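**Q** using only what follows, build the 3D model:
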Amino acid sequence: MTLTPSLLAALWRERRPAGPPIAHGFRSRYPDHWVRFHTLPGSKRYPETEDEYATVLERHNAILDELFTGTDVFVVTADWAGTPDGPAHHPEPRRTLHPRGIHWWTESDTADPDPDFHIHTRLYADRRPWRPGCVDELLRAVADDRLADVFLADTGFRRMHHPYDGGADASSPHRTSGTDCATGTRSGCPTTPQACGRARRRQDGCRAAVRGPVAVVSGGPSAFGRRPSETVLEVGL
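**A** Next up, the predicted model:
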């Protein structure tokens with residue numbers, strides 16, 4: 001598919017009719033289809049050393065590999081302006097880090113009667129083959145809270161990964177019971193001794209499939225979207 005703004009917007013409306021492609025809203029809009037991952041031990045929010053940055057990138061890339069190995073992805077970034085076509089309030093680092101992104105969506109919040117408080121969120125996208133490391137500069141900027149509302153998606157908008165400062169929300173078309181991998185909360189996690197035993201065995205089985213201490217979906221390779229009844233576990237955190 002040739003990436004054009006109108007085709008991309010039409011595809012989003014067809015596949016994700018529940019709302020606009022504003023990444024910070026995905027978790028509430030699709031409550032049964034997300035998993036939250038924390039990118040530093042102890043749910044620490046911001047990396048402070050190069051070793052911690054390496055951990056953040058390693059964990060993001062392991063999750064992204066689970067979602068997108070062997071596929072193309074849409075990489076989406078955002079800026080904000082006071083008018084739909086006006087200058088961005090903070091054009092950098094988005095403009096430098098995502099130069100190939102085409103403007104494909106504007107979501108306007110004009111509820112305030114004062115136009116000075118209107119906000120227009122503009123989204124930009126490119127399409128590229130997924131490979132580990134191909135969005136590391138964007139991920140590092142997100143980790144530093146210099147970019148927001150970034151997300152990656154497959155070319156059908158079925159699987160999505162929204163990094164934020166401190167972690168990531170990953171979404172698939174299959175139920176995940178909205179689990180937080182730092183706390184193990186909500187109904188997707190084991191609640192009986194038998195279920196805990198099965199979960200531990202699945203966890204042991206997937207350790208070899210990950211690179212270093214990362215949060216992954218249990219059940220081995222490609223668990224996202226292929227075993228809707230599987231539990232989400234944290235590995236090596």
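**Q** quick one: Asp32 from Ala18, how far?
**A** 12 Å (Cβ to Cβ, to the nearest Å). The way it works is simple: take the backbone N, C-alpha and C, and place the C-beta from them, glycine included.
**Q** looking at these two, which is more packed in?
**A** Using other Cβ atoms under 10 Å, the more surrounded residue of Asp32 and Ala18 is Asp32, with 13 against 8.
**Q** which residues in this structure form strands?
**A** According to DSSP state E, the chain carries its strands in the segments 34-38, 72-81, 102-109, 119-129, 151-154, 160-164, 167-171, 179-180, 215-217, 232-234.
**Q** point out the most buried one among those strands.
**A** strand 215-217 (a mean of 27; mean count of other Cβ atoms under 10 Å).
**Q** hang on, the earlier thing: redo the strands of the chain as a markdown table? Include mean pLDDT and distance to Pro47.
**A** A markdown table is the format used below for the strands of the chain (pLDDT from 0 to 100; distance: least, Cβ to Cβ, whole Å):
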| stretch | mean pLDDT | distance to Pro47 |
| --- | --- | --- |
| strand 34-38 | 91 | 12 |
| strand 72-81 | 97 | 20 |
| strand 102-109 | 97 | 30 |
| strand 119-129 | 97 | 25 |
| strand 151-154 | 98 | 20 |
| strand 160-164 | 97 | 13 |
| strand 167-171 | 93 | 12 |
| strand 179-180 | 50 | 20 |
| strand 215-217 | 36 | 16 |
| strand 232-234 | 30 | 18 |
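**Q** for those, which one sits closest to Pro91?
**A** strand 72-81 (6.3 Å; Cβ to Cβ).
**Q** by how many degrees do that closest one and strand 102-109 diverge?
**A** 50 degrees (axes from the mean of the first three to the mean of the last three Cα atoms, to 10 degrees).
**Q** mind giving me the packing neighbours of strand 72-81?
**A** Helices and strands touching strand 72-81, by 3 or more Cβ pairs under 8 Å, 6 or more residues apart in numbering; DSSP states H and E, are helix 94-97, strand 119-129, strand 151-154.
**Q** on that earlier part again, could you dump the strands of the chain into JSON lines and include distance to Glu137?
**A** Shown next, in JSON lines, are the strands of the chain (distance: least, Cβ to Cβ, whole Å):
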{"stretch": "strand 34-38", "distance to Glu137": "20"}
{"stretch": "strand 72-81", "distance to Glu137": "11"}
{"stretch": "strand 102-109", "distance to Glu137": "19"}
{"stretch": "strand 119-129", "distance to Glu137": "13"}
{"stretch": "strand 151-154", "distance to Glu137": "14"}
{"stretch": "strand 160-164", "distance to Glu137": "12"}
{"stretch": "strand 167-171", "distance to Glu137": "16"}
{"stretch": "strand 179-180", "distance to Glu137": "27"}
{"stretch": "strand 215-217", "distance to Glu137": "22"}
{"stretch": "strand 232-234", "distance to Glu137": "27"}
